[in-house]
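*Asks:* Need a 3D model of the following:
(3 chains)
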Amino acid sequence: MVKRSIIEEKFMKLFMYASIALVVFFVASVVLSVFKRGIPLLSWEMVSSLPGGGFYMGGGGGFLNAIVGSFYIVGGATVMGLIISIPVVFFLNVYLKANSRFGSIARLAYDVLFGIPSIVYGAFGFTIMIYFGLRASLLGGTIVVTLLIIPIFIRSMDEVAKTIPSELLEASYSLGATRLETISIVIRQIAPAIATATLLSIGRAIGDAAGVLFTAGFSDRIPTSLTQQTATLPLSVYFQLQSPSLEVQDRAYAAAVVLTLIVLVLSISGRIIMNRFSRNKIQ
Amino acid sequence: MSKLFPHSLTKGKEPFFVDHKFPHPENLRLSTHALSVYIGGNQILKFVNAEIPQNKITCIIGPSGCGKTTLLRTFNRLVDTIEGVKLEGVVMLGEQNIVTASASELTEIRRVIGLVPQRPCPLPMSIYDNIAYGCRIHGISGRKKLDAVVEYYLRAVGLWDEVKDRLHSPAGKLSGGQQQRLCLARSLAIEPSYLLADESTSALDPISSRTIEELFVKLKKDYSIVMVTHTLRQAKRIADHVIFMYMGEVIEEGDAQQVFNNPKHELTRKYLEGSFS
Amino acid sequence: MRRLAKDRLAGHLMALLTITSLLLVVAMGIGLYLKAAPILQEHSLWELLSASEWKPMKNQFGFFPFLMGTLWVSGLALLIAIPISLLTAIFLTEYAHSMVRRFVFPFLDILAGLPSVIYGVWGMLLIVPWVSNVAGPWVQRNTTGYTVLACGIVLGVTIIPLLVSLFIEIFSNVSHELREATFALGATKWQTAKHVVLRKTAPGIVAAIVLAASRVMGETIAVIMVCGNLAIAPGSLLDACYPIPALIANNYGEMLSMPLYESALMFAAFILFFVVLVFNLFSRLVLKKIKE
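*Replies:* Down below sits the predicted model:
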C-alpha cells in the first residue's frame, strides 16, 4: 500500500514538472517563433515610413500608419478609461458602505463585462455607430476600446482599493474630512494599482483586434481627424498575413515582432512598478 | 482665552480657525440620553445615559462585545460607516444633537471630537503632510502657518526631536509607537476639545504605550479624553472617571476611585474581581 | 457649506457614472437583440440553430456549422488546457518553493498578456505546419493544417494563464490545518491534493472551467487565422471549422448590403453575448460564494 502511494506521488510529480515545462515551452515557443521569423525582416524603414504605392502587392514602405494608429487609439482609450474608472472605484469603495448590495451587484456586472469578448463589443459598437450615422473611424475605435478596458481598470483597481484598511478612511473622517476630500488618501494608497491597471489595460487595448475591426477600419495614412479611419498594429498583422505575396507577409511578421516587444515591455514594467511604486503605501 | 484652542500658538490673537461653528464652547458638554444603536436589527446599545466630564480621562470598561467601541464611535458618528446602522436617542455636544446632525454639522463635530485610532494608522503621505492634512481640509494654508502647526504638535507629543530631520519622508517608515504619537499629533492639530481613544495602546509595545498614557495624562488639562480599554490595569492607572458597560448597557458610572474601590453594582464588582471578561 | 455641497455633488456624479457604465451590459443585450429581431421574425430560433445551409444570398441562414465549430474548438481547447493548468496550479501551490513560483509567474504573465493576433501568428508559423506535416500523415490524412486541432491547441494555450491563476486562487482558500491534518495521517502531498484540495474545491474548479470556456468561445482573431473558415460542421479533429466569432469578423464588410444578413450576424453576436453572459454569471457567483 505504502509503495503504491509513493509511486503515484512520483508519477504525478513527473506530470507536474511536465506541465510546468510545457507552460515555459509555450511561452518560449510563441515569443521565439515570432522573433525568429520577424526580426531578420525588421528594418528601420518599416517602422518609420507609411505604406508606399502597391504596398499590398509587395511595394515598398512600412507600417508606421499602424503604429501611430494604435498609439492614438490606446492613448485616447487609456485616458478616457482612467477618467471614467477612477471615480467609479472611488464611489464603490468610499461612498458605498462595505458589503453594500449595490456594490456587490456592480462588481458582479463589471466581472461580466470583463468576460464579454471584444468581438461582441465591436459588433455592438458598430450597430450604435450605424444608428448615429457614424462610419468606422478613429473616434469609433477609441470609444469601443475604452468600453473594453473600463472593466479591466475598475476590477484591478477595485481589487486593491478593497484592501484599504477602514481605519485609514476613518482617520480621515475623524479629522472632519468629507468623503470627497478623502480621495487624495485613496489615490495615494492605490497609486501602484492604478499604474499596473493602466499597463494591463494598455496591453489589452494595443493587442485588441476584434473590437477595432468594425469600428476603426483600416487606412494607409495616419489619421488627421477623429472621423478618419485608422490602422492598428494587430489588424496590420492580420491583413498583411492574408496577402498572397510573400513580401507582404514578411512585413506582417515584422509588425508582429513590434507588437510582441511592446507587450513584453509593458508586462515587465508592470512587475517593476508593482515592486517599486509603493513608497507612501501603508500596509 | 477660548478653551477650544488650548494650544493656540497665537495666544491672545486670532486662533487658527476663524469660521468656527462653536465659537465659545465654554460649556461644550458631551452626554448621551437614552441612546440606542441597532446594527442590522440587533440592539447593540440599550438606552445608554452617560456624561463625559470635562478635562478628565474617562475610561469605558467592560467585557468584549459589550458595546464600548460602538458607544465611542457614536460620539463622532463613525458608526455611520457600517451598513444597516440605526441610531435612537440623543447625544448632545453643547447645543448640538449628534444623532440628528446633518452632514455639514458632522464634519464640524468631528473637528471638535478627535480620534486616536486603535492601530497606528498614518495616512499614506509624509510625516509633515499627515499633520497638515487636517489643517488644509479646514482651510488653513500658508507655508509658515503650517510649519508652525506641525512643529508645535510634534513637540506636544514629543516626536519633534526624533523626526525633525525627515519631516518629508513617508510616515509609514516610523516605528509603531512613533506612528501612534503621530496620529495623536494629527488629531490635536485641528484643535479638538475631546479626544476619543479606542484601545489606542493595544497594538503597541509596553514602553510606547506608557508614553502614550503619559501624554494623555499631560493633555487632560486642555482636553477631555474618552478612552476604551480592556486592560483594567491601564484604566486604574489613568482614569478619573469610569463607565462600566455590560451587554450594551451602562451598569455603573462614576468617579474612578469610587468605582474601583467601592463599586455599587454587583456586576461591576464581579468584573473587577476578574470573574468574567 | 461649500465643501459638503461639493461632496454630495461628486457623489451623485460618481453614482451616475457607475450606473451608466453598468447599464452597458443591459444596453448591449437589448441593442444586439433588437438588431437580431428581423431574422428571428423570418426564421424560427430552432430553424436557425439546426439548419446547416449558410447561403445569405439565397436567404438561407443555418448556424449549425458555426455552433459545431465553436463547440469542437472550445471542447478541444479545454481538454488541452485543463490538465496542464490543474497540474501547474497544484504544483505551484502544494509543492513549489517561492523561488520556483517567482520563476514561473512571469511566464504566465507574458502568456496572459500576449495579444490574440500573436497567438494566431504562432499558430500559422508552428502549429498549422505541424498538423499538416506530422499529425495529418500520422493518421494518413491529407490536410492543410487549418483545422479544429490547430485551433484547439492555439486556444488551449491562450487560456492556460487564466485557468492557472483562477485555480491558484481557489486552492489558496483551503486552510493549512486541513492539509496538515491529512499529512499527519501519513498522506503524501499528491494524496492530500487529490483527497482534500481537489475535492474541497471541486465547485470552484468547475466554475473556473466555465469561465475559461466563455473566454475561449469569444476568441476571434487567433481563431480566424488557423481555423480554415469552412462553413461545414466538422466531423473530426482534422477538419476545418468556422466558429461564431470568425463568422462575425469575416463578414462585417459585406453585411451592410443586405439587412437580413446584418441581422443574422448580429444574431450570432447576440448568441455569443448571451452564452458568455450566462457562463460568466454562473461562475462568478460560484467563485464569490467560495471566497466567502
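*Asks:* Confidence-wise, which helix or strand of chain C is lowest on average?
*Replies:* Among the helices and strands of chain C, helix C:176-184 carries the lowest confidence by mean pLDDT, DSSP states H and E, at a mean of 78.
*Asks:* Output that one as PDB - backbone C-alpha positions only.
*Replies:* Backbone C-alpha positions of helix C:176-184 (Å, rounded to 0.1, in the frame of the first residue of the first chain) are rendered in PDB as follows:
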ATOM      1  CA  HIS C 176      -3.500  24.900   6.100                       C
ATOM      2  CA  GLU C 177      -4.900  23.000   9.000                       C
ATOM      3  CA  LEU C 178      -6.800  20.800   6.700                       C
ATOM      4  CA  ARG C 179      -3.700  19.900   4.700                       C
ATOM      5  CA  GLU C 180      -1.700  19.300   7.800                       C
ATOM      6  CA  ALA C 181      -4.500  17.000   9.100                       C
ATOM      7  CA  THR C 182      -4.000  14.700   6.200                       C
ATOM      8  CA  PHE C 183      -0.200  15.000   6.300                       C
ATOM      9  CA  ALA C 184      -0.500  13.900   9.900                       C
END
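*Asks:* just checking, next helix/strand downstream of that helix?
*Replies:* Stepping forward along the backbone from helix C:176-184, the first helix or strand reached (DSSP states H and E) is helix C:189-192.
*Asks:* Say whether chain A is contacted by that following helix.
*Replies:* Yes - counting by C-beta under 8 Å from any C-beta of the partner chain, chain A is contacted by helix C:189-192 at C:189, C:190, C:191. (C-beta placed from N, C-alpha, C; glycine too.)
*Asks:* Most neighbours among these, which one is it?
*Replies:* If you count neighbours using other C-beta atoms under 10 Å in any protein chain shown, the busiest of the residues of helix C:189-192 next to chain A is residue C:190, which has 21 neighbours.
*Asks:* show me what contacts that residue?
*Replies:* A:8, A:9, A:12, A:13 (C-beta atoms under 8 Å, 6 or more residues apart in numbering or on different chains).
*Asks:* thinking again about what came up before, so what touches the least confident helix or strand of chain C?
*Replies:* Contacts to helix C:176-184, defined as C-beta under 8 Å, 6+ apart, come from residues C:94, C:191, C:192, C:195, C:196, C:197, C:200.
*Asks:* residues in contact with the closest residue to residue B:188 other than its chain neighbours?
*Replies:* Distances taken as C-beta to C-beta, 6 or more residues apart in numbering or on different chains put residue B:153 closest to residue B:188, at 5.1 Å, once the chain neighbours are dropped. Each residue near residue B:153 by C-beta under 8 Å, 6+ apart is listed here: B:7, B:131, B:185, B:186, B:188, B:189.
*Asks:* Out of those residues, which two sit at the greatest distance?
*Replies:* The largest distance within those, taken as C-beta to C-beta, falls between B:7 and B:186 and amounts to 13.6 Å.
*Asks:* Between those two, which is the more surrounded one?
*Replies:* Neighbour totals were compared for residue B:7 and residue B:186, and residue B:186 leads with 32 against 18 (other C-beta under 10 Å).
*Asks:* which element is the more buried one on?
*Replies:* Short version, using DSSP H and E: residue B:186 is in helix B:176-189.
*Asks:* residues of that helix that come out buried?
*Replies:* Using 16 or more other C-beta atoms under 10 Å in any protein chain shown as the test for burial, helix B:176-189 gives B:177-189.
*Asks:* With stretch B:245-258 instead?
*Replies:* The neighbour-count check on stretch B:245-258 (16+ other C-beta under 10 Å) flags B:245, B:246, B:248, B:249, B:250, B:251, B:252, B:253, B:254, B:256 as buried.
*Asks:* of the residues you listed, list those near chain A.
*Replies:* Near chain A, taking C-beta under 8 Å from any C-beta as the test, no member of those is found.
*Asks:* and of these, the nearest to residue A:28?
*Replies:* For residue A:28, the nearest member of the buried residues of stretch B:245-258 is residue B:248. The distance, counting by C-beta to C-beta, is 63.9 Å.
*Asks:* Let me know whether the closest one touches residue B:43 as I believe.
*Replies:* Yes - under the criterion of C-beta atoms under 8 Å, residue B:248 lies in contact with residue B:43, with a separation of 6.4 Å.
*Asks:* What residues does the stretch 51-200 of chain A have near chain B?
*Replies:* Contact residues (C-beta under 8 Å from any C-beta) of the stretch 51-200 of chain A with chain B: A:97-100, A:165-178, A:181, A:185, A:188-189.
*Asks:* Of these, which count as buried by neighbour count?
*Replies:* With burial judged by 16+ other C-beta under 10 Å, the buried subset of these is A:167-178, A:181, A:185, A:188-189.
*Asks:* Which ones, among those, also lie beside chain C?
*Replies:* Residues shared between those and the neighbourhood of chain C are A:178, A:181 [C-beta under 8 Å from any C-beta].
*Asks:* from the buried ones among the residues of the stretch 51-200 of chain A next to chain B, which ones fall inside helices?
*Replies:* Filtering these for membership in helices, criterion DSSP state H, returns A:167, A:168, A:169, A:170, A:171, A:172, A:173, A:174, A:185, A:188, A:189.
*Asks:* Tell me which stretches of chain A form strands.
*Replies:* Taking DSSP state E as the criterion, chain A carries no strands.
*Asks:* Could I get the pLDDT score of the residue nearest the centre of it?
*Replies:* Averaging the C-alpha coordinates of chain A gives a centre point, and the residue nearest to it by C-alpha atoms, centre = their mean is residue A:204 (1.8 Å). We have a pLDDT of 89 for residue A:204.
*Asks:* burial count for residue A:242?
*Replies:* Counted with other C-beta under 10 Å, the neighbours of residue A:242 add up to 12.
*Asks:* Next: residue B:206.
*Replies:* Number of residues near residue B:206 (other C-beta under 10 Å) recorded here: 8.
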